[in-house]
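Novice: quick one: sequence and predicted model below, then my questions.
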Amino acid sequence: MNDISGISKNKKMKSSYNLFKNFLFVKVIEKNNQFLVALLVPSLVRFVNFLSVQRRQKKKYVSNETARLVSWAKNNPNGSCYLIYDFSISPKTYGDFFNSIILARFLETLNLSVHFCLLGSTRSPVVEGDLSNDSGLVFIREVQEISKALTKATSVELLVGDHADRRQIEVRSNNEFIVFEDLVTTNKPIYTHIFDLLNTLLGGATEPQRISTLLSSVDFESVDIHEPAKPYISIPCRFNQNWAPQRNLSKNEFLQLIVTIQQAWPSSMIMIVSDQAGCDHYRSIAEAAGHLCYFSQDYAKNFLESGALIHKSEAWVQIKGGGIGVFALWSKIPCLLYLVPAHEHSIRNGYFWRNSKFQKFKILYGMPSQKRLRRDLSSFQQEIRKTN
């Protein structure tokens, strides 16, 4: 009876926590009241996170998983490590999956043989923002190719249906290391924990390990894109009216951001990084206002090519937007990101706490004020100049 009562209590707490987050992000933050966004919301979020049993459990779990992985790698040199990523219970989004690619790159620094198992099972619960099954498999094939391009993985398998179940049984029977094995075994997604695991591992890594793990222009040498004529600053401009529209830049927000960056970098162009719908939308706004910008779809046609374009930038500035920012986040290119922690326990722990000064990570709910943006850009530029 006590166990059932405890489960029921945890479900109610989780439901209340989700309702609170929905209220903050949809009802308060999207209204962009500067007082609420800048002062009240962060305080409320910190208070709720402090009370959240779920977040404390996650922090302890990631700490234990870090110790388990490091210990196994030490005792099994040249062993095999498996990343089993189940897309039937995870959103088919680049950003969520991309952290596993960077994790694979770190695991390679431990001299482990890394294997990806991408599960595209027909078991498909409704995931917000998810694609249809057919287009979903096309997406998984694309991230399969990206995984091959950006890692030295021994194998990158796409498995569906019974093949997926049989492969998991085979891996377990061989006593190979499976990242987040208990989550995989109980059919729970691992994408909610990968960022924290990777952040913790990099926080304790050597500098050569960090350099090998993080992306650089060398990783995109085989990606053939037409490079713009002038130097540019890249910014993401997501445009999706069906899923999380609060992460889109409004017309006024977009124009204000363009003007502020142009004032900070008068000799550089601005590259709008988005999909075709986003480029079309923001191109019309920019042209109507008389702003000349580059647009990523004129140079890059897919996610990997967009990554190559980002790595040719002078800098990356992100306010709102989507998962495309992972190319800058897990790199050494100068970047200024205003972040809203989602699955991350804390962006300020681990690697990000020790990261270089010309990469700025600002926890912010909503839009920064013009005064704050100008101040942050000025400080950002000064740090970049010191390193050049």
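Specialist: Sure, I can see it.
Novice: wasn't residue 373 part of a strand?
Specialist: No - note on residue 373: no strand contains this position according to DSSP: H, G, I helix; E, B strand; the rest coil, which reports helix.
Novice: and it, how close does it get to residue 337?
Specialist: Here the distance between residue 373 and residue 337 works out to 13 Å (Cβ to Cβ, to the nearest Å). Heads up, the C-betas are built off the backbone N, CA and C, glycines and all.
Novice: could you do residue 86 as well?
Specialist: Look at residue 86 and residue 337: by Cβ to Cβ, they are 28 Å apart.
Novice: also residue 203?
Specialist: Spatial separation of residue 203 from residue 337 under the definition Cβ to Cβ is 18 Å.
Novice: OK, contacts around the nearest residue to residue 89 once chain neighbours are set aside?
Specialist: With Cβ to Cβ, 6 or more residues apart in numbering as the criterion, residue 89 has its nearest non-adjacent residue at 4.9 Å, and that residue is residue 189. The neighbourhood of residue 189, defined by Cβ atoms under 8 Å, 6 or more residues apart in numbering, consists of 86, 89-90, 183.
Novice: just among those, which is most surrounded?
Specialist: Counting neighbours by other Cβ atoms under 10 Å, residue 86 leads the contacts of residue 189 with 22 neighbours.
Novice: now do the strands in this structure.
Specialist: Secondary structure of the chain (DSSP state E): strands located at 80-86, 113-119, 155-159, 177-178, 232-236, 269-273, 294-295, 315-319, 335-339, 359-363.
Novice: and the third one, which strands flank it?
Specialist: If I follow you right, that is strand 155-159. Within its sheet, and counting by DSSP bridges, strand 155-159 is paired with strand 113-119 (parallel).
Novice: swap in the fourth one?
Specialist: Using DSSP bridges, the neighbouring strands of strand 177-178 in the sheet come out as strand 80-86 (parallel).
Novice: could you check the pLDDT of the residue nearest to residue 89?
Specialist: pLDDT recorded at residue 189 is 94.
Novice: returning to that earlier point: got the contacts of residue 189 as JSON lines, with pLDDT columns?
Specialist: Conversion of the contacts of residue 189 to JSON lines gives the following (pLDDT from 0 to 100):
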{"residue": "86", "pLDDT": "93"}
{"residue": "89", "pLDDT": "92"}
{"residue": "90", "pLDDT": "93"}
{"residue": "183", "pLDDT": "94"}
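Novice: assess the claim that residue 61 and residue 190 are in contact.
Specialist: No - at 11.4 Å, residue 61 does not count as touching residue 190 under the criterion of Cβ atoms under 8 Å.
Novice: name the residue in these two with the higher neighbour count.
Specialist: Remark: of residue 61 and residue 190, residue 190 carries more neighbours, 23 against 16, as counted by other Cβ under 10 Å.
Novice: grab the nearest non-local neighbour of the more buried one.
Specialist: Here the nearest residue to residue 190 in space, its sequence neighbours aside, is residue 180; by Cβ to Cβ, 6+ apart that works out to 4.4 Å.
Novice: let me see the contact set for residue 359.
Specialist: By Cβ under 8 Å, 6+ apart, the residues touching residue 359 are 332, 334-335.
Novice: in the sheet, who's paired with it?
Specialist: The partner list for residue 359 in beta bridges (DSSP bridges) reads residue 335.
Novice: for residue 307, see how far away it is.
Specialist: Residue 359 sits 17 Å away from residue 307 when distances are taken as Cβ to Cβ.
Novice: could you do residue 383 as well?
Specialist: For residue 383, the distance to residue 307 (Cβ to Cβ) stands at 23 Å.
Novice: with neighbour numbers in mind, choose between the two.
Specialist: The residue with more neighbours, out of residue 383 and residue 307 and counting by other Cβ under 10 Å, is residue 307; that gives 26 against 15.
Novice: okay, now residue 157: neighbour count?
Specialist: A count of neighbours around residue 157, defined by other Cβ under 10 Å, yields 16.
Novice: for the protein, name the helix or strand with the lowest mean pLDDT.
Specialist: Of the helices and strands making up the chain, the lowest-confidence element is helix 2-22, at a mean of 54, by mean pLDDT, DSSP states H and E.
Novice: domain ranges for this protein?
Specialist: 55-213, 224-387 (automatic domain parsing).
Novice: residue 377 touches residue 261, doesn't it?
Specialist: Yes - in this structure residue 377 lies within contact range of residue 261 using Cβ under 8 Å: 7.2 Å.
Novice: shared neighbours of those two, which are they?
Specialist: Any residue near both residue 377 and residue 261 by Cβ under 8 Å, 6+ apart counts here, and that gives residue 317.
Novice: if you count neighbours, what's buried in the longest helix seen in the chain?
Specialist: When the chain is parsed with DSSP state H, its longest helix is helix 53-75. Going by neighbour count (16 or more other Cβ atoms under 10 Å), the buried part of helix 53-75 is 58, 61-62, 65-66, 69, 73.
Novice: now the residue nearest in space to the middle of the chain. Nearest residue, chain neighbours left out?
Specialist: When the chain is reduced to its mean C-alpha position, the nearest residue by Cα atoms, centre = their mean turns out to be residue 95, at 4.1 Å. Taking Cβ to Cβ, 6+ apart, and ignoring the residues beside it in sequence, residue 95 has residue 323 as its nearest neighbour in space, at 1.7 Å.
Novice: count of neighbours near residue 321?
Specialist: For residue 321, the number of neighbouring residues by other Cβ under 10 Å comes to 21.
Novice: OK, contacts around it?
Specialist: For residue 321, the contacting residues are 235-238, 247, 249, taking Cβ under 8 Å, 6+ apart as the criterion.
Novice: mind pulling up the pLDDT for it?
Specialist: For residue 321, the predicted pLDDT is 86.
Novice: how close does it sit to residue 82?
Specialist: Taken as Cβ to Cβ, the spacing of residue 321 relative to residue 82 amounts to 32 Å.
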